[in-house]
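1. fold the following for me, if possible:
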Amino acid sequence: MLTNVRYILLTALRDWLFFGLIASVAIAIWVSRVLGSTALVEAQEMALSFGGASSRVIIMIGLIVFVCFHVRQAFDSKEIDVFLSRPIHRNSLVFSYWIGFVFVALLLVLPTGLILAWSGILHTNGFWVWLLSLFLETCIVTALALFASFTLRSATFAVMTSMGFYVLSRMMGFFMLSSESHMMFGQEWLNSILKYTITIVSMIIPRLDFYANSDWLVYGVERYQDITNFILQTVVFVPLLLLASMLDFRRRQF
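-> Numbering: from 1, shown residues only. Here you go, the predicted structure:
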């Protein structure tokens, strides 16, 4: 397991993943500070909000691309066959991949927190909760990208699927609020069907809108239920995604 984790880390270093994403995060936060300085009121609050949201998206997109292409390259180069030639269980191999990607994500989240803290911390507790939720979100995203890359034959298709799933999960809160307004359609029965459909969908996919809320950086965490929401989401969906990846990998013939 440690060998695979070390190899994933070396691959990330070779592909300049850390330099590229951290530089992109730094530029995004700097642009946010410039835009925030143009505001007449709450300039620092605006800069923190934009900086946190943009750095979050950059990290998630970078991780999805890295995970999907790394795993597909491992299949194409017969790296998976080399690992399976050793006395290692397939479930352990999948888990080691996820641990390696999570370690890479941690090395991206920590510098992001330092760069964002350099912009100024308005609420200490809110900042640490935001940073924790950002890391837990990377745990779900890496598990999702790992499942897509193990299941789908094309790295590009795996990236597109993961991106689509991520956007849907991020916007689920907006969809639920829109369905509860009963103003989407002119007829009430259509609005009711839409509301029940979105409610069911929100129960079977992770609600990533619970994670890394930019308001926490400015105003702190007003409800501790928000912390419980993203922790429970991680505890439930990460094992499910890993289990699905393991089941798909076990049925493959090599």
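
2. count of neighbours near residue 117?
-> 12 (other Cβ atoms under 10 Å). Backbone N, C-alpha and C define where each C-beta goes, glycine included.

3. for it, which non-adjacent residue is closest in space?
-> What sits nearest to residue 117 in space, not counting adjacent residues and going by Cβ to Cβ, 6 or more residues apart in numbering, is residue 127, at 6.9 Å.

4. same deal with residue 106?
-> Closest to residue 106 by Cβ to Cβ, 6+ apart is residue 135, at 6.4 Å.

5. state the distance from that neighbour to residue 150.
-> Distance, residue 135 to residue 150, using Cβ to Cβ, to the nearest Å: 23 Å.

6. any buried residues in the stretch of helix or strand residue 82 belongs to, and which?
-> Element membership of residue 82 [criterion: DSSP states H and E] is helix 79-84. Neighbour counts over helix 79-84 (16 or more other Cβ atoms under 10 Å) mark 80, 83-84 as buried.

7. residue 58: what's it in contact with?
-> 21, 24-25, 28 (Cβ atoms under 8 Å, 6 or more residues apart in numbering).

8. that one in helix, strand or coil?
-> Following DSSP: H, G, I helix; E, B strand; the rest coil, residue 58 is assigned to helix.

9. got any ranges where the stretch 1-150 of the chain has weak pLDDT?
-> For the stretch 1-150 of the chain, the stretches with pLDDT under 70 are 1, 39-43.

10. for it, which segments are assigned as helices?
-> Taking DSSP state H, counting those that start in this stretch as the test, the helices found in the stretch 1-150 of the chain are 2-14, 17-37, 43-76, 79-84, 90-118, 124-151.
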